[in-house]
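Colleague: Need coordinates for the below:
(one chain, ligands or ions: 2)
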Amino acid sequence: MDTTSPAVFVNGALLRRYIGQKVRAVIQVIRSDIGSVIGKSTDDQQIVVKGSPQPPLTSYLEVIGIAESDNTIRADVWTNFGDSFDAQNYNELCKLANARAMTEVQMEMEVETNSSLQESAVPKPQVIYRCKKCRRIVAVEENVVQHEPGKGEECFAWKKRSGNPEQVQCSSIFVEPMKWMQTIHDGLVEEKLLCFGCNGRLGYFNWSGMQCSCGAWVNPAFQLNKSRIDECKSESNLPNPNLKTETG
Ligand SMILES: [Zn+2]
Ligand SMILES: [Zn+2]
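Modeller: Ligands and ions are numbered 1, 2, ... in the order given. All right, here's what the predicted structure looks like:
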């Protein structure tokens, strides 16, 4: 249990978020038993506060302790707050204090998400793509060019529609131009992409762009058909196939 960090202001509703943590709450005493006090939180929820307060107790108490469950606090600090107290005001303070806490949590999450998108020096499992036929690695996660999924069927000309409006998933991945793609060095605008290992067809490229099955345009497009490649997770950082000078 982390009891060293400062107590979080809570009301009844917020208590469940902080189970096992140090909290601070003001309660209105309903009943006082041996070893516990039944009270009402500032947002009108019943809370059991365990511990041994020094009598006499006033109607309002501030307690600091560990949140044991969504309605129990084991308190070690009891402070008399008198017989009249602006519970509503405190409740607002609670919400404000937690609003800041929530924003901080959200910001931390965003930073984490951002850094996981960026390349880091720390080895982490990454997605690799292999040719289904010969198992050669044709791309890794960082070669993939992401695109916003399009709106499916409505992006296509009528002629090209498959008649299945449900199908909006991407049937391909798009990557950056890579060294192994022999056909892109031939000066053509568009051509098949053949595997450097088995010469099997993996996809298609078009410098002036292609439309994904989801409807989104990718420009330029180096498309690898998902049905021709396997997506696997690797435990270590493999060399980027695009940086290899030897194309096998
Ligand atoms: Zn797509
Ligand atoms: Zn192959």
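Colleague: helix, strand or coil for S227?
Modeller: Secondary structure, DSSP: H, G, I helix; E, B strand; the rest coil: S227 is helix.
Colleague: Identify the residue nearest it in space, chain neighbours excluded?
Modeller: S171 (7.1 Å; Cβ to Cβ, 6 or more residues apart in numbering). Where you see a C-beta, it was placed from the backbone N, CA and C, and this is true even at glycine.
Colleague: how about the nearest residue to G12, chain neighbours excluded?
Modeller: In this structure, G12 finds its nearest non-sequential neighbour in Q45, 2.7 Å apart by Cβ to Cβ, 6+ apart.
Colleague: And that neighbour, how close does it get to ligand 2?
Modeller: Separation of Q45 from ligand 2 (Cβ to the ion, to the nearest Å) stands at 63 Å.
Colleague: check contacts around the residue nearest to S227.
Modeller: S171 is in contact with C212, S213, N225, K226, S227, counting by Cβ atoms under 8 Å, 6 or more residues apart in numbering.
Colleague: In the residues you listed, which has the lowest confidence score?
Modeller: Lowest pLDDT of these: S213, 91.
Colleague: where's the closest residue to it other than its chain neighbours relative to ligand 2, distance?
Modeller: Leaving out its chain neighbours, the residue that sits closest to S213 by Cβ to Cβ, 6+ apart is S171, at 4.1 Å. Distance, S171 to ligand 2, using Cβ to the ion: 19 Å.
Colleague: Flag the helix or strand of this protein with the lowest per-element mean pLDDT.
Modeller: helix 87-117 (a mean of 62; mean pLDDT, DSSP states H and E).
Colleague: now the closest residue to F196 other than its chain neighbours, what's its secondary structure?
Modeller: In space, and not counting its chain neighbours, F196 is closest to W180: 4.0 Å by Cβ to Cβ, 6+ apart. W180 carries the three-state label coil when classified by three-state DSSP.
Colleague: I'd say W180 and N240 touch.
Modeller: No - with contact defined as Cβ atoms under 8 Å, W180 does not reach N240; the gap is 11.4 Å.
Colleague: Of the two, give the one with the bigger neighbour count.
Modeller: W180 (21 against 15; other Cβ atoms under 10 Å).
Colleague: about what we covered before: tell me who's in contact with the residue nearest to G12.
Modeller: Contacts of Q45 by Cβ under 8 Å, 6+ apart are N11, G12, A13, N71.
Colleague: do the same with A25
Modeller: Applying Cβ under 8 Å, 6+ apart to A25 gives the contacts F9, V10, N11, L15, S41, T42, I47, E62, V63, I73.
Colleague: count of neighbours near S52?
Modeller: For S52, using other Cβ under 10 Å, the count is 12.
Colleague: Can you check the pLDDT for it?
Modeller: Note on S52: pLDDT of 84.
Colleague: Now it: closest residue in space, sequence neighbours ignored.
Modeller: Closest to S52 by Cβ to Cβ, 6+ apart is G35, at 6.4 Å.
Colleague: Show me the domain layout of the protein.
Modeller: Annotated domains of the chain cover 8-111, 126-243 [automatic domain parsing].
Colleague: could I get those domains as CSV with distance to ligand 1?
Modeller: Formatted as CSV, the domains of the chain follow (distance: least, Cβ to the ion, whole Å):
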stretch, distance to ligand 1
domain 8-111, 25
domain 126-243, 3
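Colleague: mean pLDDT for these: which is lowest?
Modeller: Ranked by mean pLDDT, those bottom out at domain 8-111, which scores a mean of 84.
Colleague: what separates it from the chain centre, distance-wise?
Modeller: 30 Å (Cα atoms, centre = their mean, to the nearest Å).
Colleague: Convert the longest strand along the chain to CSV, retaining C-alpha atoms only.
Modeller: Longest strand of the chain, by residue count under DSSP state E: strand 22-33. Provided in CSV are the C-alpha atoms of strand 22-33 (Å, rounded to 0.1, in the frame of the first residue of the first chain):
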residue,chain,number,x,y,z
LYS,A,22,-4.5,7.3,0.8
VAL,A,23,-7.7,9.4,0.7
ARG,A,24,-9.1,12.4,2.5
ALA,A,25,-12.9,12.8,2.9
VAL,A,26,-15.3,14.9,5.0
ILE,A,27,-18.2,12.9,6.4
GLN,A,28,-21.3,13.9,8.2
VAL,A,29,-21.6,11.5,11.2
ILE,A,30,-24.8,9.4,11.2
ARG,A,31,-23.9,6.8,13.8
SER,A,32,-20.8,6.2,15.8
ASP,A,33,-20.0,2.6,16.8
